[in-house]
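A.B. asks: need coordinates for the following:
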Amino acid sequence: MDILEPTGGTSAATRQLAPRPGAITGLVIGVLDNSKPNAGVLLSAVAGLLRERFGAGGIRAWQKPGASTGAAPAVLDEIAGACRVTLIASAD
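C.D. replies: The predicted model follows:
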């Protein structure tokens, strides 16, 4: 019989949030689709509203291969270099 321990630990490092811009006028909005159904549609619609209502600049999009895996460090670096504001999540 195999007995699994459900209370496992984590080794994730604590990180501080990035500084928030005072306004998003002219800023590029990034969208990271986590591949859940309609996530890209939802996040792109929110980015479009930010652009329409608050004058955000362009919209750039990326997609993860699946919701259960994190984005590759190279993708995160690319997003950080291209955007000041990024929408990165959708939940069930």
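A.B. asks: can you tell me the closest non-neighbouring residue to the spatially most central residue of the chain?
C.D. replies: Closest to where the C-alpha atoms of the chain average out (C-alpha atoms, centre = their mean) is residue 88, at 1.6 Å. Spatial nearest neighbour of residue 88, chain neighbours left out: residue 32 (4.4 Å); criterion: C-beta to C-beta, 6 or more residues apart in numbering. Where C-beta positions appear, they are placed from N, C-alpha and C, glycine not excepted.
A.B. asks: on the three-state scheme, residue 62 is what?
C.D. replies: Here residue 62 is recorded as strand under DSSP: H, G, I helix; E, B strand; the rest coil.
A.B. asks: show me what it is bridged to.
C.D. replies: With DSSP bridges as the criterion, residue 62 is bridged to residue 32.
A.B. asks: what's the burial count for it?
C.D. replies: Residue 62 has 19 neighbouring residues, counting by other C-beta atoms under 10 Å.
A.B. asks: tell me the contacts of it?
C.D. replies: When contacts are counted by C-beta atoms under 8 Å, 6 or more residues apart in numbering, residue 62 touches 30, 31, 32, 33, 71, 75, 78, 79.
A.B. asks: I'd say the fifth one and residue 35 touch.
C.D. replies: It refers to residue 71. No. Using C-beta atoms under 8 Å, residue 71 makes no contact with residue 35, being 10.7 Å away.
A.B. asks: comparing those two, which residue is more hemmed in?
C.D. replies: residue 71 (17 against 14).
A.B. asks: and that one, how far is that from residue 52?
C.D. replies: Separation of residue 71 from residue 52 (C-beta to C-beta, to the nearest Å) stands at 27 Å.
A.B. asks: with residue 36 instead?
C.D. replies: In this view, residue 36 and residue 52 are 24 Å apart by C-beta to C-beta.
A.B. asks: and the two? Which one has more around it.
C.D. replies: When neighbours are counted by other C-beta under 10 Å, residue 36 comes out ahead of the other of residue 36 and residue 52, with 15 against 9.
A.B. asks: which ones are touching the more buried one?
C.D. replies: Counted by C-beta under 8 Å, 6+ apart, residue 36 has contacts 67, 90, 92.
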